[in-house]
Structures are given as C-alpha cells and as structure tokens.
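J.: Structure for this input, please:
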Amino acid sequence: MRSQQADIVDGPPGGARGGGAQVVRELDAVLRRIDDERVAAVARRIVAARNVVCAGAGREGLMMRALVMRLFHAGVDAHVVGDMTCPAVGPGDLAVLSLGPGRLRTIETLATIAKDAGADTVCLTAEPDRVPIGLFDEVLVVEAQTMASDAGSTSVLPMGSAFEIAELVLTDLITNQVRAALGEDVDAMRARHTNLE
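T.: Residues are numbered from 1 along each chain as shown. Purely as a prediction, here's the structure:
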C-alpha cells in the first residue's frame, strides 16, 4: 500500500507544479490560436441579442452554464437550455452552443430548433470541418484536444479537458468584451451576484 502512494506522488504526469506548468503552456498555445476577430464577432452578437441561450453536452455544458452566469452578471438576459426559466427563442435571440468534437446529435438538434425559430446560432468547436455546414451563423474555433481527438495524445489533461478549460477562459474573455460594450463595470457585475450563498 505504501509503495502505491509513492508511485502516485512521484509518477507522471507530475504534481501541481510540473503538471500545472505544462497545462498552462498547453492552454496558452490554444488561446493564442483563437481568431480575435471571431471572438469580437461573437461578443457583438451577444450584445445585440434580446435573449441568449446556451447549451453543451457533459462538461462542455458546465462551461456553457458558467458563460450564462457571467453574462447574467454583465447584464445580459442569458439562460441555460433545459432550465425551467429558459424562454422560447425566435428572431433577435442567440443560441450559443458548445460542439467540441464537431458533431453531437443533441446539440445539432438544439441548433436546428433555434434556427427554425429564427434565432441566430453560434458554435464553439475544436473540429470546424466536422460542424454541419449552414447550421451556425458563427463558428468560433478553439483548437484543443477533445475526447474525439485524444488518441495517442501527449497532453497532460485527459479526454476533452483542454477544450473545456480553454472554453471556460475564452468565454470569460468574451464576457469582458460584452460588459465593456454595455458599459458594465465590475461593481455592477458584483451587485448582480446572488446573496443566497
């Protein structure tokens, strides 16, 4: 039992310092490859939208929940698809959907429903060549490993973690652009934060 504990501490991919430094390098490389013009275009779409609804599958769905929370703090009418308070969408609304591996039936179905209702659609993906053509008005590429592309990977992070963490950082950066465009400062954001904690 004692030797197994030593193996865990000493074995790859390292601890918080070694592994953490590698994760930061990997995420930095991912974020540097993202097209800033596309980021600004997504932020403009969010600012212009009447309602913003967001969804993703698995951990990508958690990142979309985090985006909704920050957009709400920035004064945007934002909702998570599937929550009981999510409104119907139509013209003037925006669906921001996470589609890391490029194809997921549930997310494609949500995009189709939103488009059919007249809403605009945005996709965040690591696999733009796999995204169905014409389904999204804007495709924001996050070139990071997903579960669909992790075979033989040398990344410190397993499965789709690199994409998910990069997506979390990216959506906070998008929110910064949104709040700047809306004239919302950090104090206004903080005032919208729940006090039921």
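J.: what about the strands in this structure?
T.: Assigned by DSSP state E, the chain shows strands spanning 52-55, 78-80, 94-98, 120-125, 138-141.
J.: per-residue confidence at the spatially most central residue of the chain?
T.: The structure's the chain has its C-alpha centroid closest to E167; by Cα atoms, centre = their mean the separation is 3.8 Å. We have a pLDDT of 96 for E167.
J.: For the closest residue in space to it that isn't next to it in sequence, give me its contacts.
T.: Distances taken as Cβ to Cβ, 6 or more residues apart in numbering place M63 nearest to E167, at 4.6 Å, with adjacent residues excluded. For glycine as for every other residue, the C-beta is placed from the backbone atoms N, C-alpha and C. Contact partners of M63, counting by Cβ atoms under 8 Å, 6 or more residues apart in numbering, are G56, S98, E164, E167, L168, T171.
J.: E164 now?
T.: R59, E60, L62, M63, G100.
J.: just the residues you listed now: which is nearest V39?
T.: M63 (15.4 Å; Cβ to Cβ).
J.: gap between the closest one and I174?
T.: Per Cβ to Cβ, to the nearest Å, M63 is found 12 Å from I174.
J.: Equivalent analysis for R33, please.
T.: 16 Å.
J.: which one of the two has more residues nearby?
T.: Between R33 and I174, I174 has the larger neighbour count (other Cβ atoms under 10 Å), namely 24 against 12.
J.: Do I have it right that the more buried one meets V47?
T.: No. The pair I174 / V47 is not scored as a contact, 10.4 Å apart, by Cβ atoms under 8 Å.
J.: what's around G19, how many residues?
T.: 14.
J.: ok, now G90?
T.: 12.
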